[in-house]
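Q: Return a 3D structure for these sequence lines:
(2 chains)
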Amino acid sequence: VNPDVAAAVERLRGDGVLKDLPGNLFGRVARRELVTVRLEIRTALYAGVLLVTSGVGLFLKENHERIGPVAIGIAIAFVAAACLVWASRRSVPFTWGETASAHAAFDYVLLLGALLVAADLAYLEAQLKLLGGNWPWHFLVVAVFYLFLAYRFDSRMLLSLALAAFAAWRGIAVSLTRTSLGSGDPARLRVEAIFSGALFVVLGVAAARRQRKAYFEDVYVNAGLLLVFGGLLSGVFGGGRDGWGAWLLALLLVAAAVAAAGFHAHRTLPFALAVVAAYLGLLRPIFEIRGSEALPLLFAAILAAAALFFIVAAHKNMRVP
Amino acid sequence: MRREWIAAERVEEVRAAAEGWKRAGAVDLGTFEEISRRYPEPRPLPAPLWRILTAFFVTAALLLLTGALFIAFRPEIGTTPLLLFFLSAVCLVATEVQEGSPALALRGGAGATSFWGIVFFLAGIFLFLEETLKVREKSGVTILVLGSLAFWALAAWRWGSPGYAGFAGISLFILLARAPLGRLLWVAGGVALTLAFERVLDRPSWSPSHRRGAVVLVAVGLLGVYAGVNLYSLDHRLVENLGSAGLDARDPRVGERIASMVLTALVPLAAVVWGIRSRRAFALDVGLVLTALSLLTLRFYVHFAATWLVLTLAGAALVLLALGVNRWLAKGGGKERNGFTAESLFADERRLRAFELVPVVAAHAPESRPPVEPGYQGGGGSFGGGGAGGSY
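A: Numbering: from 1, shown residues only, chains lettered A, B, ... in the order given. Predicted structure coming up:
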């Protein structure tokens, strides 16, 4: 029970602000006479998908030699197809606008189908070596497949995975559980991250401007900015003793541009990413200060306080919640 | 909490509910504006991201300044507690100032300064006991935990943070674990905590944040009871280890193990039944989490099938159960049964979906391709790349 809301609903109904029908529903919810379990159902569905994909993964690991790649490939493809056909039958016709999920399980069955197809592809590629030395291209195939499903079924979840698969194709691991910039030549990966990120940002802005799944903009832009700032910060901190100044300058210019754009467009996350990235980048010259050991820490604290005043002032002027 | 803070919180509750009604299209703009006019915003409430950003920079400034002070003054070990108490006092005064200012109260800075104020104070107590008073380690830790319980509880009461109530609850259980018969005290303490705070969950005289703190304490109480009775916890002396008595603890008797087995099954069930009967979603959630833990415990002791089969069947069962419940609720009159519905009501569905992206990408994003080595001829590499999430 939320007694404050329940009392307010009664007062608003008594004053005629709320009509009887919605007022009654609001009152029931506030008095806990009606409780939603949507979150619990969605969590159970997602956990179920996670368990099934983990189980299938383990099964492949333990049995792929005994059963053979073709049989396994066909079996997974069959289950994946069943999921995708189920999703296809329950989906609304394609539109460039936003659509509501037709079914509570829709997002998760679609995710399961997409993940199984990707797993099947990766498995068959590993076993049959279809692409030979060019096997990393299967990341691109997976990215395009995810992207197609994301647009067809209006799934931001699959769009995120499509961007992650594209980044993986360029050698960058986006997953939180792995290294942020993958392994290999850091200089090359830095450039890959910056260009991939810039591409995502451009795609996001284009989606919004052309009203083609405009609400995908957030996913594109935020993923892109993470990669761009990650690449630039990697240059500032990993670019060697001589080259970091140029990286820092580039970082500050990009951060200023993104912060200004975020401020004018009332976009909180890009603004926040820009401020944090600029702060982290500026720590490099501060910790280059020689002499007193306490001085860099003091300057870093003063910089944090300055950033604090900046974001409080920005928030007041941005007029966003 | 001051009276004006509580009054502000009550208005904020109504405004948050009205936001949900507007978002769901249940009220038109005119009605929403009339509600907003009747319940004007008492304090600016920035979106969560702004609060996190503010808390991040306050934390950075505080910790860096603390580091600079320690390096600059290099205090003796005996005077370090004084410096920590001074920093704690500064943080706590800063918290009071922010909480007292409607413009600053909800920006995230007050949460950061209060948290670090208590952490500095507890660190000061610890060093004071260990280095100045030379209290024996065991007694010192017990006093520290007691202090932790008292200060988190006071902070929760003063500033209304449910998180601090949770820290107080955890401190209570650590303290109980250090006592003789710690496991029994966990069960008794958990039951007492649950019953005591269950009574105030809906009490109108309590402020909204105190009621949320009570929810956290009831959940902590239930988890404490479960940890006390769980068979894995009993066999591995988890509670006793927490109280540093694990090595001295005797093996559990047969009767204790049987009781533990029964209670490992019954406590989650009781929580689920209570959640359903009282229509408290949080109790239901706790019950479901405990049920999952009990199934894991069962799996630990009974290997009735290969792991892959258990995972796949459990996943499929979970999906089917969720679909079944969804369908059952949707087919009820008004899409509800016994006061439960699968409709989103007035929750911010879009925000929930945005949050879903993080675990999905974290769990399923492919590994990057490996660097190309000179003379490398390919050959398929390892699979798991296409979002399969690792190796098979």
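Q: Give me the pLDDT for A:Thr179.
A: With respect to pLDDT, A:Thr179 has a value of 49.
Q: Name the residues of the stretch 101-250 of chain B found near chain A, please.
A: B:107, B:109, B:201-204, B:208 (Cβ under 8 Å from any Cβ of the partner chain). Yep, even glycine has a C-beta here, placed from its N, CA and C like the rest.
Q: ok, the nearest residue to A:Gly281 once chain neighbours are set aside - how many residues close by?
A: Computed as Cβ to Cβ, 6 or more residues apart in numbering or on different chains, the closest residue to A:Gly281 that is not its neighbour in sequence is A:Leu251, at 4.3 Å. Residues contacting A:Leu251 under the criterion other Cβ atoms under 10 Å in any protein chain shown number 25.
Q: ok, A:Leu251 - contacts?
A: Residues in contact with A:Leu251, defined by Cβ atoms under 8 Å, 6 or more residues apart in numbering or on different chains, are A:229, A:232-233, A:235-236, A:277-278, A:281.
Q: re the thing from before, next, format the residues of the stretch 101-250 of chain B next to chain A as TSV and append distance to A:Ala305.
A: Converted to TSV, these look like this (distance: Cβ to Cβ, whole Å):
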residue	distance to A:Ala305
B:Arg107	14
B:Gly109	11
B:Leu201	40
B:Asp202	42
B:Arg203	41
B:Pro204	41
B:Pro208	32
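Q: Looking at those, which are in helices?
A: Using DSSP state H, the members of these that fall in helices are B:109, B:208.
Q: Widest-spaced pair of the residues of the stretch 101-250 of chain B next to chain A?
A: B:Gly109 and B:Asp202 (31.3 Å; Cβ to Cβ).
Q: So these two - more neighbours on which side?
A: Of the pair B:Gly109 and B:Asp202, B:Gly109 is the one with more neighbours under other Cβ under 10 Å, namely 24 against 17.
Q: That one contacts B:Ala60, doesn't it?
A: No. Using Cβ atoms under 8 Å, B:Gly109 makes no contact with B:Ala60, being 11.9 Å away.
Q: Find the residue ranges of chain A scoring beneath the pLDDT cut-off.
A: A:173-184, A:239-241, A:321 (pLDDT under 70).
Q: Do the top helix by length along it and chain B come into contact?
A: When chain A is parsed with DSSP H, its longest helix is helix A:38-67. Yes. Using Cβ under 8 Å from any Cβ, a contact is recorded between helix A:38-67 and chain B, made by A:38-42, A:44-62, A:64.
Q: Going along the chain from that helix, find the next helix or strand for me.
A: helix A:69-90 (DSSP states H and E).
Q: Now the helix or strand following that next one: buried residues?
A: Next in sequence after helix A:69-90, counting helices and strands by DSSP H and E, comes helix A:106-128. Across helix A:106-128, burial judged by 16 or more other Cβ atoms under 10 Å in any protein chain shown covers A:106-127.
Q: Output helix A:106-128 as CSV, nothing but the C-alphas.
A: The C-alpha coordinates for helix A:106-128 follow below in CSV (Å, rounded to 0.1, in the frame of the first residue of the first chain):
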residue,chain,number,x,y,z
PHE,A,106,8.0,-12.0,-27.9
ASP,A,107,11.4,-10.3,-27.2
TYR,A,108,12.8,-13.3,-25.5
VAL,A,109,11.8,-16.0,-28.0
LEU,A,110,13.1,-13.8,-30.7
LEU,A,111,16.4,-13.4,-28.8
LEU,A,112,16.6,-17.1,-28.3
GLY,A,113,16.1,-17.8,-32.0
ALA,A,114,18.7,-15.2,-33.0
LEU,A,115,21.2,-16.4,-30.5
LEU,A,116,20.7,-20.0,-31.6
VAL,A,117,21.2,-19.1,-35.3
ALA,A,118,24.4,-17.2,-34.4
ALA,A,119,25.6,-20.1,-32.3
ASP,A,120,24.8,-22.6,-35.1
LEU,A,121,26.7,-20.5,-37.6
ALA,A,122,29.7,-20.1,-35.3
TYR,A,123,29.6,-23.9,-34.6
LEU,A,124,29.4,-24.9,-38.2
GLU,A,125,32.1,-22.4,-39.1
ALA,A,126,34.4,-23.9,-36.4
GLN,A,127,33.7,-27.4,-37.5
LEU,A,128,33.4,-27.2,-41.2
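Q: got the angle between whichever helix or strand comes after it and helix A:69-90?
A: Moving toward the C-terminus from helix A:106-128, the next helix or strand (DSSP H and E) is helix A:137-153. Interaxial angle of helix A:137-153 relative to helix A:69-90 (axes from the mean of the first three to the mean of the last three Cα atoms, to 10 degrees): 20 degrees.
Q: quick one, helix A:137-153 and helix A:106-128 angle?
A: Per the same axes, to 10 degrees, the angle that helix A:137-153 makes with helix A:106-128 is 160 degrees.
Q: so which helix or strand takes in the residue nearest the centre of chain A?
A: Residue closest to the average C-alpha location in chain A (Cα atoms, centre = their mean): A:Ser160, at 5.0 Å. Per DSSP H and E: A:Ser160 is located in helix A:156-169.
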